[in-house]
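> mind folding the following:
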Amino acid sequence: MLGLAVALTAGACTNGSLGAPAGGGVGRQAPDFRLESLDGRQVSLADYAGQVVLLNFWATWCPPCKEEIPAIERAYVAHRGEGFMVLGINEGEALEIVQTFASELGITYPVLIDKRGNVAAQYRRRGLPLTLIVDRNGVIQVRHEGYVTAGQLDKYLSGLLP
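Numbering: from 1, shown residues only. Presented below is the predicted three-dimensional model:
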């Protein structure tokens with residue numbers, strides 16, 4: 001119980017999966033993946049080669065995840081014409097639950113379902129939320145564990161977008 005309280009105090013949710021961030025570390029090539037979107041399309045990171053891509057790992061049961069999504073949505077809307085894409089990655093929740101949640105929050109960027117947690121494992125996700133920003137060359141430039149603010153997003157994107 002104390003571990004959960006500490007994680008929530010730090011602005012992150014955890015489900016007990018631990019691991020070093022080596023596979024999804026800053027300065028490393030972002031591992032490619034292919035997941036199904038809420039509308040049934042197969043989406044891969046490679047589909048957005050040459051763009052700046054924000055990967056946001058989240059869950060409907062995670063309060064900091066829900067709190068940060070509006071700022072991520074605003075960044076997406078503001079910068080999508082500049083070669084910027086957001087991919088929301090939900091780990092293993094039922095499609096109907098995720099669809100309802102995404103609709104209620106007005107998410108317009110692609111939301112993908114990581115049914116078995118394979119992508120989360122590739123990126124060494126330790127808790128939620130987790131936000132990574134991949135540059136136009138496919139290299140991870142930002143790894144932000146826990147709640148990300150609009151100001152932090154602006155700072156992270158300022159050097160990567162025109």
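> so who does the closest residue to Ala30 other than its chain neighbours touch?
Nearest residue to Ala30, sequence neighbours excluded (CB to CB, 6 or more residues apart in numbering): Val134, at 4.5 Å. Just so you know, the C-beta spots here come from the backbone N, C-alpha and C atoms, and that holds for glycine as well. Contacts for Val134 were tallied using CB atoms under 8 Å, 6 or more residues apart in numbering; they are Ala30, Leu45, Val52, Val53, Leu54, Leu55, Ile140, Gln141.
> now the fifth one: how far from Thr131?
In this structure, Leu54 and Thr131 are 6 Å apart, going by CB to CB, to the nearest Å.
> common neighbours of the two, please.
Between them, Leu54 and Thr131 share the contacting residues Ile72, judged by CB under 8 Å, 6+ apart.
> mind checking which of these two has more residues around it?
Neighbour count, other CB atoms under 10 Å: between Leu54 and Thr131, Leu54 has more, with 25 against 22.
> the more buried one pairs with what?
Beta-bridge pairing of Leu54 under DSSP bridges involves Val86, Ile133.
> tell me the secondary structure at the most centrally placed residue in the chain.
Centroid-nearest residue in the chain, with CA atoms, centre = their mean: Asn56, separated by 0.7 Å. Here Asn56 takes the strand state, with states given by DSSP: H, G, I helix; E, B strand; the rest coil.
> just Asp154 next, same as before
Relying on three-state DSSP, one would call Asp154 helix.
> what is the burial count for it?
Asp154 has 15 nearby residues by other CB under 10 Å.
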